[in-house]
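K.L.:
what's the 3D shape of this:
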Amino acid sequence: MDFHCNQHNHLGDFCCGKEKYHKPAQPSIECLKVNSVICTKSVQKVAELRVPTVELGIGDDIDLALISFSNVTANPNGIVMRGTLIDGKVVNSGYVPVTANINIAGVALPIEVSLNLPFQEETECPGACVGDDLQETVPVIEAVLEPVITPGITVAGAVSLATITFKVIIRTQITVSREKLVQAGVTVLGDINPDRCTTLQPTLPTSRTVTFYNGNNG
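P.N.:
The predicted model follows:
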């Protein structure tokens, strides 16, 4: 495909006697190389890890009702995020670092844990291909959830281990673009990074979690 660009036409002077005439200028053909956006989407990613209680230093003889949590903190500066562009889709993976104290009633010192909560998300982007350019904004933490304890189940008299689930929700803006040559005026639609000026984000559980049913029938 051939393009002929930057063909500037200047005013020309024509003199006849004492009068000077100007030849009207013709429009200049300018070509611009731009990144044409294939898709841009705000995407939530759920980072989650379910860990058996014994792996966190909690004995299987501990009453789960005695367990509580404090200082559950996500580290926004330690988030690892990778993106892979395939035909018509963006695949994201990575993890969010989290620290927490697990308190057991009657035990003086809490159990301090450091975890990496993995995530993987797939985002549809019709028309995208592996040769396009993939960009993603700095992740913003939307919520840090209180850990959830799940009791073990009993099968044929054998009781499986209880688990604790840690969860963090983050958000980013994914943009897939492709280089093109254009000849047109433009209309600004908005900032490609809506979180450009975001400085404060939650790193601790900030919303109250309500237990509606506790599994008791009485």
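K.L.:
going by C-alpha atoms from here, please, whenever you check contacts or count neighbours.
P.N.:
Noted.
K.L.:
where does the chain have its least confident helix or strand?
P.N.:
Within the chain, no helix or strand scores below strand 12-16, which has a mean of 53 by mean pLDDT, DSSP states H and E.
K.L.:
where does pLDDT dip in the protein?
P.N.:
1-30, 154-159, 184-189, 206-218 (pLDDT under 70).
K.L.:
strands of that one, residue ranges please.
P.N.:
12-16, 19-23, 32-52, 67-74, 80-86, 89-104, 111-124, 133-136, 140-150, 154-155, 158-159, 163-182 (DSSP state E).
K.L.:
tell me which of the ones you listed sits nearest to Thr198.
P.N.:
Proximity of those to Thr198 was assessed by CA to CA; the nearest stretch is strand 140-150, lying at 8.2 Å.
K.L.:
which secondary structure elements does that closest one contact?
P.N.:
For strand 140-150, the packing partners by 3 or more CA pairs under 8 Å, 6 or more residues apart in numbering; DSSP states H and E come out as strand 67-74, strand 163-182.
K.L.:
next, the buried residues of the last one.
P.N.:
Same thing as strand 163-182. Residues 163, 165-177 are the ones in strand 163-182 that count as buried (16 or more other CA atoms under 10 Å).
K.L.:
what's the closest of those to Gly88?
P.N.:
Taking CA to CA as the measure, Gly88 lies nearest Val176 of those, at 10.1 Å.
K.L.:
okay, the helices and strands packed on strand 140-150 in JSON lines with distance to Ala47 next?
P.N.:
Formatted as JSON lines, these follow (distance: least, CA to CA, whole Å):
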{"stretch": "strand 67-74", "distance to Ala47": "11"}
{"stretch": "strand 163-182", "distance to Ala47": "5"}
